[in-house]
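Participant: Predicted model, plus sequence, below.
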Amino acid sequence: MRVAALALLLSLASSARATEVVWAIVDSAPYHLSGLGGLGHTVDSLGHGITDHLIRGLATRMPGFKHRLVHLPRTRLWRDMAAGQPLCYADAFKTPQRLKWAHFTSVTPPLRQIVVTRQGTLPDAGEKSLADLLSQVQLHGVFETDRSYGVHLDRVIAAAGPHVKRQALPDSPQLLRMLEAGRMDYVVEYPPAVTYLYERLQPRPKLDFHLIAEDRQADAAYVACTRGAWGLKVIQAVDRAMRDWALQPEASQALLRWMPPETAQQERPGMERFYTERAARSDVE
């Protein structure tokens, strides 16, 4: 009895000392898919989206930490992190501004974004320059409020000046219906998100998809944790966990399963290089 009681006390003491990691759940499907119980607050409640698999894979490799999920809009995420609230976000772009209030470690390989248009909006198939599209005032593109599109595309968007329209955009198939109806002429998005939305529409809209010329050197995605003693401790643990997670086949499979077959074939070699290199080195900033 005494041995059992001592073991229980040690377990409770260890749990009390465990550092809590607060994961901000911001993105929608296919990055986060609700589990059977709907929106939950524990790692066990995560579904089978791209970022769900990532957080689960990292959390199981972080001994001495406990984990909690909070569901936030993107606008509040960065405001709270800048204010010093202890948060981690598992699908962030690293930008000079965000480095002022967050630590970063890379977790997801670079993936090129695409321009999505109504069929026939642009005269030719193939790769398009976002700078060129933004210079065509007759074309109406819409970008999501408070979203970074990566360092390269953020520069292109900023250079286009104040006429660039940003607004809240739906994270449901309604986005593609808005595009189809002419509410905008194009949006910029990742192939997995477009695939998920497109496959849930009947009848399916007639759309064209173009790779973006300025995104040939796409940015990796990062876990970002609030800058400070807490955030540094957590991001270093995430970095250690990521080096092991990168060795697991599930790391790339979670991403590849949401890509069109031709995109998956194009992206697979670069993804494999990323995970091989990531397993071999630390990456904390």
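Facilitator: Thanks, I have the structure now. Numbers count the residues shown, from 1 in each chain.

Participant: start to end distance for stretch 197-212?
Facilitator: Terminal residues of stretch 197-212 lie 20 Å apart, using CA to CA, to the nearest Å.

Participant: in this structure, which spans are helices?
Facilitator: 2-17, 50-59, 74-82, 130-135, 151-159, 174-180, 191-198, 229-245, 249-256, 261-280 (DSSP state H).

Participant: Gln217: which of the ones you listed is closest?
Facilitator: Proximity of these to Gln217 was assessed by CB to CB; the nearest stretch is helix 151-159, lying at 6.4 Å. Placement of C-beta: from N, CA and C, glycine included.

Participant: List the buried residues of the closest one.
Facilitator: For helix 151-159, the neighbour count (16 or more other CB atoms under 10 Å) marks 152-154, 156-157 as buried.

Participant: ok, now stretch 49-68?
Facilitator: 49-59, 61-62, 65-67.

Participant: Which one of these is nearest to Ser135?
Facilitator: Once CB to CB is applied, the member of those that ends up nearest Ser135 is Ile50, at 33.1 Å.

Participant: got a list of what the residue positioned nearest the centre of the chain touches?
Facilitator: For the chain, the residue nearest the mean C-alpha position is Asp91 (2.9 Å; CA atoms, centre = their mean). Going by CB atoms under 8 Å, 6 or more residues apart in numbering, Asp91 touches 26-27, 31, 51, 108, 221.

Participant: re earlier: switch the buried residues of helix 151-159 over to a markdown table; also include distance to Pro269.
Facilitator: Converted to a markdown table, these look like this (distance: CB to CB, whole Å):
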| residue | distance to Pro269 |
| --- | --- |
| His152 | 21 |
| Leu153 | 23 |
| Asp154 | 26 |
| Val156 | 26 |
| Ile157 | 29 |
